[in-house]
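In: build me a structure from this.
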Amino acid sequence: MSRKARQQRGRALLPQRGRTARIQPGTPPGTLVAGESAEMPTIDVTTFDRTKAEMQKVATLDEALARLGQSAVTWINIDGLGDPTLVARLGERLGLHPLALEDVLNVPQRPKVERFEKHVFVVMRTIRLERPAGSDGPGSIKDEQISMFFGTDWVVTIQERADGDSFGPLRESIRQGRGRVREMGADYLAYLLVDAVVDAYFPVLDELGDRLHALEAEALTSSSDDTLVRLQWLRHDLVFVRRAVWPMREEAAALLRDESSLVTAETRIFLRDVYDHAVQALELVETLREMSVSVMEVYLSAQNQRLNAVMKVLTVISTIFIPLTFIASIYGMNFKYMPELSSPWGYPAVLGVMAVTAAAMVGYFKHRGWW
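Out: Below is the predicted model:
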């Protein structure tokens, strides 16, 4: 991974500038302020009952609100948080609490469930992988806040961005009348939306799991620092995903325990399944985190083993040359009377002694298994 790619990856993990609305200290609670980079909203409306379903984009919020109260379930989806006035009008029309509306714009919020007298407010965080066009490398993980309100016969979802979501299969089910969605109420639709967000975690976790298994095999053979860098980024991604998945378990449990009349007993049975999926996703995240620690330890152990092997060879070589250096240093002394210096066989005899000494030491090391 190049330095430029590492810098881009690091910036991707940092909070996005302008994503959080800048509310000045001392501003009254419930003040609606949009973030600097918030997109202007687009609205689509889905209305359905047992016999039919209608879906269309509308230009204004008034057109969407006109669909309410027609003896059918109405789902209003808003993509983009760039118009606080629209959010305020939505709150006035549906009686939404100002603090809840503030949480819609002041992203990211921790996933939660809040029950009010005539509606329930749910905050979710969805994650997905995004790859540059034409690239088959590992994508970057993006998160997005989805705020949801639902009442007796209506559901409103407000998303940060308009670049896609995980609700496509649900829209298709409503259009074609598959499943029970058109036979149930707004609480069942809300359950399906939460279920779609939780199910979207698993493709991301599968991708992270594949990366981890590849790095696990690479850690035993590679000595490149790039392996360590990619392993560290993977651990950052797992922490990032965990911050989204962990609160969803509590959120599913809160919806399951809620005694609100807006959630029927039949829908609570399905909410158990969402809770199970959220727990499964969380367990998978924790397992991958533990495996990443183990892979990191394996990589460092392999590096230490390779280093020890190099040090072992260098130590053996140094040990062999210690007696040879001793012999050479003796005959390097400038004494006038040394019997071997006057012998014609003195030089080859000393070299022979040194060769025999080195061979004997090598044989001894091999016999002891040190080399």
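
In: which parts of the stretch 101-250 of the chain are strands?
Out: Ranges of strands in the stretch 101-250 of the chain, per DSSP state E, counting those that start in this stretch, are 112-115, 120-130, 140-150, 154-159.

In: with respect to P98, which of the ones you listed lies nearest?
Out: Proximity to P98 (Cβ to Cβ) singles out strand 120-130 among these, at 11.6 Å. C-beta here means a position set from N, CA and C on the backbone, and glycine is covered the same way.

In: can you tell me which helices and strands that closest one packs against?
Out: Other helices and strands packing on strand 120-130, by 3 or more Cβ pairs under 8 Å, 6 or more residues apart in numbering; DSSP states H and E, are helix 98-105, strand 112-115, strand 140-150, helix 186-199, helix 201-219, helix 225-257.

In: any stretches of the protein with poor pLDDT?
Out: 1-27, 132-138 (pLDDT under 70).

In: circling back to that earlier point, need the strands of the stretch 101-250 of the chain in CSV with mean neighbour count and distance to P344, can you?
Out: Listed next are those as CSV, based on neighbours: other Cβ atoms under 10 Å; distance: least, Cβ to Cβ, whole Å:
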stretch, mean neighbour count, distance to P344
strand 112-115, 16, 97
strand 120-130, 20, 81
strand 140-150, 21, 78
strand 154-159, 23, 97
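
In: quick one on the thing from earlier: out of the helices and strands packed on strand 120-130, flag the one nearest D273.
Out: In terms of Cβ to Cβ, the element of the helices and strands packed on strand 120-130 nearest to D273 is helix 186-199, at 7.3 Å.

In: CA atoms only: put the closest one into PDB for me.
Out: Taking Å, rounded to 0.1, in the frame of the first residue of the first chain, the C-alpha atoms of helix 186-199 are listed here in PDB:
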ATOM      1  CA  ALA A 186     -46.900   0.500   9.900                       C
ATOM      2  CA  ASP A 187     -45.200  -1.300  12.800                       C
ATOM      3  CA  TYR A 188     -44.500  -4.300  10.600                       C
ATOM      4  CA  LEU A 189     -43.000  -2.000   7.900                       C
ATOM      5  CA  ALA A 190     -40.800  -0.400  10.600                       C
ATOM      6  CA  TYR A 191     -39.700  -3.900  11.600                       C
ATOM      7  CA  LEU A 192     -38.700  -4.600   8.000                       C
ATOM      8  CA  LEU A 193     -36.700  -1.400   7.700                       C
ATOM      9  CA  VAL A 194     -34.800  -2.200  10.900                       C
ATOM     10  CA  ASP A 195     -34.300  -5.800   9.700                       C
ATOM     11  CA  ALA A 196     -32.900  -4.500   6.300                       C
ATOM     12  CA  VAL A 197     -30.400  -2.300   8.200                       C
ATOM     13  CA  VAL A 198     -29.200  -5.200  10.400                       C
ATOM     14  CA  ASP A 199     -29.000  -7.600   7.400                       C
END
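
In: what angle sits between it and strand 120-130?
Out: 30 degrees (axes from the mean of the first three to the mean of the last three Cα atoms, to 10 degrees).

In: quick revisit: out of the strands of the stretch 101-250 of the chain, which is closest to S260?
Out: Proximity of the strands of the stretch 101-250 of the chain to S260 was assessed by Cβ to Cβ; the nearest stretch is strand 112-115, lying at 5.2 Å.

In: tell me the buried residues in stretch 95-103?
Out: Residues of stretch 95-103 classed as buried under the neighbour-count rule (16 or more other Cβ atoms under 10 Å) are 96-97, 100-103.

In: then stretch 337-353?
Out: For stretch 337-353, a neighbour-count test (16+ other Cβ under 10 Å) marks V350 as buried.
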